[in-house]
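Engineer: structure for the following, please:
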Amino acid sequence: MKKGLFRLQYEIDDAPAYTERGSREGAKLASGSIADPEVISALKATADMGTRELMRWVGTPGNLTDGMAVLPLTTRTPEALSYRLDGKRPKLLYVLRPLHTIESLDGFLYAANMALADGGCMVCHSMTSALKRKLIDERNVWGVRHLLALTNYLWHRVCPKLKLTHGLYFALTDGKDRWFNRVEVLGRIYRAGFEVIDEGFRQGEFVVVARKVQAPIDDVAPTGSPIIHLRRIGLGGKEIVVHKFRTMYSYSEYIQDYIYHYQSLERGGKFKDDYRVNEAGHLLRRLWLDELPMVWNMLRGDMKLVGVRPLSRQYFGLYTPEMQALRTRTKPGLLPPFYYDRHTPETIEEVQQSERRYLEAYLEHPFRTDWRYFWGIVGNILFHRKHSA
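Structural biologist: Reported below is the predicted structural model:
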């Protein structure tokens, strides 16, 4: 197989067959998704190239026009990116340095967004943490591979995210080999104002083609904290902040629309096979521990014990206008009414029907309805294995 410049340590023998959960169902470059014929031609020409071959291609006169730009492998900071482009507004940007080796990645992607022409495209790549773990497992004996995987995960994944160890990690490593999972790479790209129009694994690297669609999102930077804070629709349609134990990978919230577009909804209106949920998250949800911090929301008065689930604006927008108005007449609850039903709703329409039954009954008899639903939900959890979705 072709060897890329940054693939020496992690070269994988079965690279053409390698993929990760959700990648095959993700965005694929389709006819009409890019209007500029020069950009289309360049993307087609480089579709199967490794990093070293791509470097030769972009350095060959005539392959790229003046309206395109290439980032050299030494560029690792937003400032260097801005200096390299020197006021140019390229319509296609090849980021040849792997994303996991760029220290200030969010700032770098923001700078790439601001540099690109409107509707311009960016091609970037990264080695994912799942692939690194796979290679460690394949090349080491039992016991050794577990120790190596754990130490690498703690050092290259956990330490860069903790305030206590962040400075030490970057001082010793210069941030050149962090562990990013596929979800985080996609989330960072979307947060920087891009839309993913193609993703996949090429020769052992995760490659993304993204199009600039808006300015970078200006919000509080995501953290690796075990407790996350989510904006949800509450009483009267006002936005509230709910608290949960983290069950998804970092930056997951930024790809919710992307997931909705390419993944199906399952029972309870949740995404089918949601790959944003991490291993610990599955356990926390099954044991009903992920929503424990919402007790603080109840004590603060934003929520109550039984009630419709607090929804993000994206989910809320899927409801009919009538149900949106009905939902915002009460506080959201920790225990949603569809857990009261013996058979969990299969579609979002069935979820709305379940919530309508609860809301209409609650508005007529609040205490009696919540009392009945509470014990019904407890019974279903204990005897019918209902669990947090």
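Engineer: hey, where'd the strands end up in the stretch 201-350 of the chain?
Structural biologist: 205-212, 227-233, 239-245, 304-306, 333-335 (DSSP state E, counting those that start in this stretch).
Engineer: looking at those strands, which is nearest to residue 341?
Structural biologist: strand 333-335 (12.4 Å; Cβ to Cβ). To be clear about C-beta, it is placed using only N, CA and C from the backbone, and glycine gets the same treatment.
Engineer: and that closest one, which strands flank it?
Structural biologist: Using DSSP bridges, strand 333-335 pairs in its sheet with strand 304-306 (parallel).
Engineer: now do the buried residues in the partner strand.
Structural biologist: Neighbour counts using 16 or more other Cβ atoms under 10 Å place 304, 306 of strand 304-306 among the buried residues.
Engineer: same thing with stretch 216-234?
Structural biologist: Per 16+ other Cβ under 10 Å, stretch 216-234 contains these buried residues: 216, 222, 228, 232-234.
Engineer: equivalent analysis for stretch 71-78, please.
Structural biologist: For stretch 71-78, by 16+ other Cβ under 10 Å, it's 71, 75-76, 78.
Engineer: keep only those of those that are in strands.
Structural biologist: residue 71 (DSSP state E).
Engineer: want to throw the buried residues of stretch 71-78 into TSV with distance to residue 368 and pLDDT?
Structural biologist: Below are those laid out as TSV (distance: Cβ to Cβ, whole Å; pLDDT from 0 to 100):
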residue	distance to residue 368	pLDDT
71	64	80
75	65	75
76	63	75
78	59	87
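Engineer: with distance to residue 161 added, can I get the buried residues of stretch 71-78 in JSON lines?
Structural biologist: Output for those, formatted as JSON lines (distance: Cβ to Cβ, whole Å):
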{"residue": "71", "distance to residue 161": "25"}
{"residue": "75", "distance to residue 161": "24"}
{"residue": "76", "distance to residue 161": "19"}
{"residue": "78", "distance to residue 161": "20"}
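Engineer: so which of the buried residues of stretch 71-78 is the closest to residue 151?
Structural biologist: Closest approach between those and residue 151, by Cβ to Cβ: residue 76, at 24.9 Å.
Engineer: isn't that closest one up against residue 99?
Structural biologist: No. Using Cβ atoms under 8 Å, residue 76 is not in contact with residue 99, being 10.5 Å away.
Engineer: sec struct for residue 354, please.
Structural biologist: At residue 354 the chain is in helix, as set by DSSP: H, G, I helix; E, B strand; the rest coil.
Engineer: list the contacts of it.
Structural biologist: Counting by Cβ atoms under 8 Å, 6 or more residues apart in numbering, residue 354 makes contact with 337-338, 340-341, 345.
Engineer: so among those residues, where is pLDDT lowest?
Structural biologist: For those, the model is least confident at residue 345; its pLDDT is 84.
Engineer: once you drop chain neighbours, what's closest to it?
Structural biologist: residue 351 (4.5 Å; Cβ to Cβ, 6 or more residues apart in numbering).
Engineer: so which helix or strand takes in the one you found?
Structural biologist: Residue 351 is part of helix 348-364 when elements are defined by DSSP states H and E.
Engineer: got any ranges where the stretch 1-150 of the chain has weak pLDDT?
Structural biologist: 1-16, 73 (pLDDT under 70).
Engineer: try 50
Structural biologist: Along the stretch 1-150 of the chain, segments meeting pLDDT under 50 span 1-14.
Engineer: how about the helices in it?
Structural biologist: According to DSSP state H, counting those that start in this stretch, the stretch 1-150 of the chain carries its helices in the segments 37-45, 51-58, 78-85, 105-115, 129-139, 144-153.
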